[in-house]
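Q: pasting the structure only:
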């Protein structure tokens, strides 16, 4: 009898494979990092072939370690870094170039032109997104214009596009030998090419970027009883397992946190921070710098929408302390170093390495350390880095409250940074509301598993899933209102100093 659900969580810095039981408990996992490629300033790339090899490896290792076979799995879900753009040849299976990662800013001129000539307002109305370097369409336009042979191959129907979920699903279902070219509405809604009201690719939006429609994957529900296909017997699972769930990583975390009711919100702390507020079947258009996006679509039901605040650099700022500055040997050391001081000593760090995302959307901003004096130490810089994670979250919460009229009573959190106790305490202090972490912190992988399990009847309803959620830890605010207000005023002053640093050429 098949007793477990599995999921692939293909993230910005690593790929993991996890197996869960009916109670949402972890049975097995394996995780591998992949290379971060920086060809020049502002460019961020991944090797899609390496990502597929890592995916194969984590599946095989986790299954072997847990002594599991494909027949033990009821279904498989996929979740992925969104917006990252892959273009490959459907006949050879080879990518035409490295994937352009969501953090990449090489398309700043494309975004600026869209905003300047008025097409940006059409994109906002139809796709719920501002024209920004973050999203996939500009990246795909850049590849079509700059990588030799891609335009011709696209017109001939040989070059196809997808975010990394499409790339993995295509390979899992056979690749050049019958692989399916599909995605779901959560990923499609991050491209600037999908109409939020029709849930399909929009011809006018495609024309803005001169993208041939035949390059694009079919859009199927996030939890799909009709299935995306099955894994191949000669693939990494060594058996045919139904592929029944597909969600962008932040929407998957929203499902994993069981935010199924309008007004419920979660914040995921990974490479960046992503706060989503479920708005139900109502399409709420932000007036304060947030994104309107699809939260999930289960079967034939209408999509559920969300407001999202996307922050480019949070956990990766800690990696920057480790890899570029060398002031810590590992991410976990940031807590101990920051804990050596009682406050930030007047130091603020705005990690605008890729400009500023929500709610500012300023690609001209760049990172800055401010308020330094001879008193400042590595510990103050480390603490300012943790505070930057939390202040950026407050920026988004302020915008979300203004858009929705809903004030948070508690913030549900997940992701790797939640292991940092000091950071989570700072988050509660800076927001002024309790912060709650579930027992299963890897809710992204769990959400993909839930989507797949609901599709095949492993779980009967979202109500059944509610029984699985358990709180592991809660942090309550300790700062006074005066401390909170002074700290946030200092942050806003620091952000203002980072703007207009880069001149965007026409």
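A: All right, it came through fine. Here the structure is a predicted model, which is why all the values come from computation and not from measurement. Numbering: from 1, shown residues only.
Q: show me the helices in the stretch 201-350 of the chain, by range?
A: Taking DSSP state H, counting those that start in this stretch, the helices of the stretch 201-350 of the chain run over residues 203-209, 249-256, 315-320, 333-338.
Q: same list (those helices) but as CSV, adding mean pLDDT.
A: Shown next, in CSV, are these (pLDDT from 0 to 100):
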stretch, mean pLDDT
helix 203-209, 96
helix 249-256, 92
helix 315-320, 87
helix 333-338, 90
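Q: nearest to residue 285, out of those?
A: helix 203-209 (16.2 Å; Cβ to Cβ). Placement of C-beta: from N, CA and C, glycine included.
Q: distance between the closest one and the chain's centre?
A: Chain-centre distance of helix 203-209: 24 Å, with Cα atoms, centre = their mean, to the nearest Å.
Q: cool, and stretch 147-165?
A: 24 Å.
Q: touching it from outside, list them.
A: For stretch 147-165, contacts defined as Cβ atoms under 8 Å, 6 or more residues apart in numbering pick out 10, 48, 51, 78-91, 96-97, 99, 136, 140, 143-145, 170, 181, 183-184, 187, 190-191, 211-212, 214-217, 246, 248.
Q: and it, average pLDDT?
A: Stretch 147-165 shows a mean pLDDT of 95.
Q: same deal with stretch 286-301?
A: Rounded mean pLDDT across stretch 286-301 is 90.
Q: let me know which of the helices of the stretch 201-350 of the chain is tucked in deepest.
A: Among these, the stretch with the highest mean neighbour count (mean count of other Cβ atoms under 10 Å) is helix 249-256, at a mean of 32.
Q: that helix packs against which elements?
A: On a contact count with 3 or more Cβ pairs under 8 Å, 6 or more residues apart in numbering; DSSP states H and E, helix 249-256 meets strand 73-80, strand 265-269, strand 273-280, strand 291-296, strand 304-311, helix 443-456.
Q: that one versus strand 73-80: what angle between them?
A: Interaxial angle of helix 249-256 relative to strand 73-80 (axes from the mean of the first three to the mean of the last three Cα atoms, to 10 degrees): 140 degrees.
Q: how far is helix 249-256 from where the chain is centred?
A: Taking Cα atoms, centre = their mean, one finds helix 249-256 lying 9 Å from the centre of the chain it belongs to.
Q: residue ranges for the helices of the stretch 51-200 of the chain, please.
A: In the stretch 51-200 of the chain, the helices defined using DSSP H, counting those that start in this stretch lie at 108-116, 119-127, 136-146, 150-155, 164-172, 185-188.
Q: what mean pLDDT does stretch 90-100 get?
A: If you average the pLDDT values across stretch 90-100, you get 96.
Q: what residues of it count as buried?
A: Buried residues in stretch 90-100, defined by neighbour count with 16 or more other Cβ atoms under 10 Å: 90, 93, 95, 96, 97, 98, 99, 100.
Q: just the helices of the stretch 51-200 of the chain: most buried one?
A: Here the criterion is mean neighbour count by mean count of other Cβ under 10 Å, and of the helices of the stretch 51-200 of the chain the winner is helix 185-188, at a mean of 30.
Q: tell me which strands and helices that one is in contact with?
A: Here helix 185-188 touches strand 242-248, strand 291-296, going by 3+ Cβ pairs under 8 Å, 6+ apart.
Q: same list, those strands, but as JSON lines with distance to residue 455 please.
A: Formatted as JSON lines, the helices and strands packed on helix 185-188 follow (distance: least, Cβ to Cβ, whole Å):
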{"stretch": "strand 242-248", "distance to residue 455": "4"}
{"stretch": "strand 291-296", "distance to residue 455": "12"}
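Q: most neighbours per residue, which of those strands?
A: Buried most deeply of the helices and strands packed on helix 185-188, by mean count of other Cβ under 10 Å, is strand 242-248, with a mean of 30.
Q: list the helices and strands that one packs on?
A: Secondary-structure packing of strand 242-248 (3+ Cβ pairs under 8 Å, 6+ apart): strand 73-80, helix 164-172, helix 185-188, strand 229-230, helix 443-456.
Q: quick one: which of those is nearest residue 305?
A: Closest to residue 305 of those, according to Cβ to Cβ: helix 185-188, at 9.9 Å.
Q: from residue 449, how far out is the nearest residue to residue 456 once chain neighbours are set aside?
A: Distances taken as Cβ to Cβ, 6 or more residues apart in numbering put residue 75 closest to residue 456, at 4.6 Å, once the chain neighbours are dropped. According to Cβ to Cβ, to the nearest Å, residue 75 and residue 449 sit 8 Å apart.
Q: same deal with residue 384?
A: According to Cβ to Cβ, residue 384 and residue 449 sit 37 Å apart.
Q: residue 327: neighbour count?
A: By the criterion of other Cβ atoms under 10 Å, residue 327 has 17 neighbours.
Q: typed the wrong thing, it's residue 68
A: Neighbourhood size, residue 68 [other Cβ under 10 Å]: 18.
Q: need the contact list for it.
A: Here residue 68 is in contact with 4, 19, 27, 28, 62 (criterion: Cβ under 8 Å, 6+ apart).
Q: quick check on those: which are buried?
A: Buried members of these, scored by 16+ other Cβ under 10 Å, are 4, 19, 27, 28, 62.
Q: ok, back up a step: reformat the helices of the stretch 201-350 of the chain as CSV; add distance to residue 498.
A: Formatted as CSV, these follow (distance: least, Cβ to Cβ, whole Å):
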stretch, distance to residue 498
helix 203-209, 29
helix 249-256, 24
helix 315-320, 14
helix 333-338, 21
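Q: where's residue 417 relative to residue 386, distance?
A: The gap separating residue 417 from residue 386 is 9 Å, by Cβ to Cβ.
Q: and if you look at residue 502?
A: In terms of Cβ to Cβ, residue 502 sits 26 Å off from residue 386.
Q: pLDDT score for residue 423?
A: Residue 423 is assigned 94 on the pLDDT scale.
Q: same check on residue 505?
A: Looking at residue 505, its pLDDT is 59.
Q: and residue 398, its phi and psi?
A: Phi and psi for residue 398, reported as degrees, to the nearest 10, are phi -60, psi -40.
Q: tally of neighbours for it?
A: Residues near residue 398, counting by other Cβ under 10 Å, number 16.
Q: residues contacting it?
A: Counting by Cβ under 8 Å, 6+ apart, residue 398 makes contact with 288, 359.
Q: can you count the residues close to the residue nearest to residue 487 when sequence neighbours are not counted?
A: Excluding the flanking residues, the one nearest residue 487 by Cβ to Cβ, 6+ apart is residue 430, at 6.5 Å. Residues contacting residue 430 under the criterion other Cβ under 10 Å number 24.
Q: residue 430: what secondary structure?
A: When classified by DSSP: H, G, I helix; E, B strand; the rest coil, residue 430 comes out as helix.
Q: quick check, it in contact with residue 387.
A: Yes - using Cβ atoms under 8 Å, residue 430 is in contact with residue 387, at 7.1 Å.
Q: which residues are common contacts for the two?
A: The contact sets of residue 430 and residue 387 overlap at residue 487 (Cβ under 8 Å, 6+ apart).
Q: which residues of this structure score low on pLDDT?
A: Low-confidence segments of the chain (pLDDT under 70): 1-2, 504-506.
Q: now residue 498: phi and psi?
A: Dihedral angles of residue 498 (phi, psi; degrees, to the nearest 10) stand at phi -90, psi -10.
Q: what's the nearest residue to it if we skip its chain neighbours?
A: Nearest residue to residue 498, sequence neighbours excluded (Cβ to Cβ, 6+ apart): residue 365, at 4.4 Å.
Q: what about the one you found, how many neighbours?
A: Counted with other Cβ under 10 Å, residue 365 comes out at 23.
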